[in-house]
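Chemist: Below is the sequence, then the predicted model.
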Amino acid sequence: MNAPVHTTSTTGVQTLTMAKAINLGLRRSLESSPKVLLMGEDIGALGGVFRVTDGLQKDFGGDRVVDTPLAESGIVGTAIGLALAGYRPVCEIQFDGFVFPAFDQITTQLAKMHYRSRGRLNLPVVIRIPYGGGIGAIEHHSESPEALFAHTAGLRVVSPSSPAEAFTMIQQAIASPDPVLFFEPKGRYWEKGPVDLDAAMGAPHPGLDTAKVLRQGTDVTLVAYGPTVQTALKAAEVAGAEGTSIEVVDLRALSPLDTATVAASVKRTGRCVVVHEAPVLYGTGAEVAARIAEDCFYHLHAPVLRVGGFHAPYPVAKIEHDYLPGLDRVLDAVDRSLAF
């Protein structure tokens with residue numbers, strides 16, 4: 001591959017959108033190794049439907065930023081072959097609901113080959129998936145399928161909650177020797193935040209599978225990830241004005257799940273509420289609740305409560321605000337927890 005390489009001079013702390021932060025994280029990874037390449041539908045000249053890959057094909061060439069046919073199974077299958085040949089492919093699935101044609105490749109091949117080969121083969125494939133609601137789209141464009149992949153052994157499943165996290169975590173995912181499902185909360189793509197472009201991927205930044213306490217509190221632990229982290233922080237701010245101290249934990253990774261950080265928080269507060277956009281039934285909140293019941297039973301003052309989407313197909317845009325777990329529903333769960 002003799003594609004041109006563009007070295008960015010962007011440094012320091014800047015205010016960026018999450019989309020731009022991911023773009024710069026991808027750029028850094030492309031610069032760091034000629035084995036990194038991007039694949040996806042319309043990611044080249046167009047820059048992706050959300051413009052996350054804008055400018056990368058121009059700077060790194062069509063051999064490293066590859067526009068693919070509209071065939072998710074083919075994209076992931078090709079990435080598996082490239083990974084076996086020593087490359088580090090990063091696939092983009094255009095919308096969350098479009099991942100299912102590749103579900104077989106992901107769960108029966110990508111997730112299992114390391115174990116099937118008794119550890120002799122690694123598949124460092126990253127699959128970027130814009131997910132969740134908040135953009136006024138319909139089913140197949142506003143899904144939250146993360147629990148399906150977190151249930152599959154052999155996959156890492158992560159989701160950033162801020163531009164700073166997105167910038168670092170995408171680079172960590174690409175550097176990982178394991179397959180990573182990188183769920184990007186598309187409803188947060190255009191929200192801005194400070195990003196330290198000189199930050200290293202390692203210490204003191206948490207590892208890819210480490211949860212993070214974003215706000216300390218004493219009364220209730222509020223656990224969230226991806227798009228609902230900002231909702232949780234807002235709930236903590238509102239509750240704080242009324243005298244309730246909420247601790248907010250960003251899971252960051254759904255698999256492996258950092259139980260230790262969550263349990264340490266719950267042992268301090270005695271209460272736990274988990275919030276995510278995905279349906280509550282069989283969701284990540286259920287796994288968190290089960291682990292907290294096992295590890296913190298004698299510290300709990302109330303049952304672990306869950307707030308999330310309903311067990312129904314994603315609704316039309318005009319009523320999606322009723323489906324998504326908003327501030328009122330989160331605060332109601334906090335009140336119910338404190339009432340025990």
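Modeler: Yes, it's here.
Chemist: ok, which stretches of this protein are helices?
Modeler: 18-32, 56-60, 72-84, 103-104, 113-116, 146-150, 163-175, 229-241, 259-269, 284-296, 320-323, 327-339 (DSSP state H).
Chemist: buried stuff in the second one?
Modeler: Across helix 56-60, burial judged by 16 or more other CB atoms under 10 Å covers 56-57, 59-60. Every C-beta, even on glycine, is put in place using the N, C-alpha and C of the backbone.
Chemist: and it, what's its mean pLDDT?
Modeler: On average, the pLDDT along helix 56-60 is 97.
Chemist: and it, how far out from the chain's middle?
Modeler: 25 Å (CA atoms, centre = their mean, to the nearest Å).
Chemist: Run through the neighbouring helices and strands of it.
Modeler: helix 18-32, strand 65-67 (3 or more CB pairs under 8 Å, 6 or more residues apart in numbering; DSSP states H and E).
Chemist: mean confidence score for stretch 197-210?
Modeler: 79.
Chemist: Hmm, I typed the wrong one, I wanted stretch 109-123.
Modeler: In this model, stretch 109-123 has a mean pLDDT of 96.
Chemist: Kindly export that stretch (C-alpha atoms) in CSV.
Modeler: Extracted in CSV, the C-alpha atoms of stretch 109-123 (Å, rounded to 0.1, in the frame of the first residue of the first chain):
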residue,chain,number,x,y,z
GLN,A,109,-16.6,-16.4,13.3
LEU,A,110,-15.1,-13.1,14.6
ALA,A,111,-16.0,-13.9,18.3
LYS,A,112,-14.8,-17.6,18.2
MET,A,113,-11.7,-17.9,16.1
HIS,A,114,-9.2,-17.0,18.9
TYR,A,115,-10.7,-19.7,21.1
ARG,A,116,-11.1,-22.2,18.2
SER,A,117,-7.4,-21.8,17.4
ARG,A,118,-6.5,-22.3,21.1
GLY,A,119,-5.1,-18.7,21.2
ARG,A,120,-2.9,-19.0,18.1
LEU,A,121,-5.0,-16.5,16.1
ASN,A,122,-5.9,-13.0,17.0
LEU,A,123,-8.6,-10.9,15.1
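Chemist: Pull out the buried positions in that stretch.
Modeler: Within stretch 109-123, the residues scored as buried using 16+ other CB under 10 Å are 109-114, 122-123.
Chemist: could those go into CSV alongside distance to Gly77?
Modeler: Supplementary listing: the buried residues of stretch 109-123 in CSV, determined by distance: CB to CB, whole Å:
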residue, distance to Gly77
Gln109, 8
Leu110, 9
Ala111, 14
Lys112, 14
Met113, 12
His114, 17
Asn122, 17
Leu123, 12
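Chemist: Identify the farthest-apart pair in the residues you listed.
Modeler: Across these, the longest distance by CB to CB is 13.6 Å; it joins Gln109 and Asn122.
Chemist: need the contact list for the residue nearest to Asp196 when sequence neighbours are not counted.
Modeler: Nearest non-adjacent residue to Asp196, counting by CB to CB, 6 or more residues apart in numbering: Val13, 5.1 Å away. Going by CB atoms under 8 Å, 6 or more residues apart in numbering, Val13 touches 194-197.
Chemist: Just name the closest of the residues you listed to Leu300, please.
Modeler: Nearest member of these to Leu300, counting by CB to CB, is Pro194, at 35.9 Å.
Chemist: Report the separation between that closest one and Gly47.
Modeler: 24 Å (CB to CB, to the nearest Å).
Chemist: ok, back up a step: which of the helices and strands packed on helix 56-60 sits most buried?
Modeler: helix 18-32 (a mean of 23; mean count of other CB atoms under 10 Å).
Chemist: same for it, what does it pack against?
Modeler: Where contact means 3+ CB pairs under 8 Å, 6+ apart, helix 18-32 is packed against strand 36-40, helix 56-60, strand 88-92, helix 163-175, strand 180-185, strand 192-196.
Chemist: now those in CSV, with distance to Gly283?
Modeler: Listed next are the helices and strands packed on helix 18-32 as CSV, based on distance: least, CB to CB, whole Å:
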stretch, distance to Gly283
strand 36-40, 27
helix 56-60, 34
strand 88-92, 25
helix 163-175, 21
strand 180-185, 13
strand 192-196, 26
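Chemist: So which of those is nearest Pro227?
Modeler: strand 180-185 (3.6 Å).
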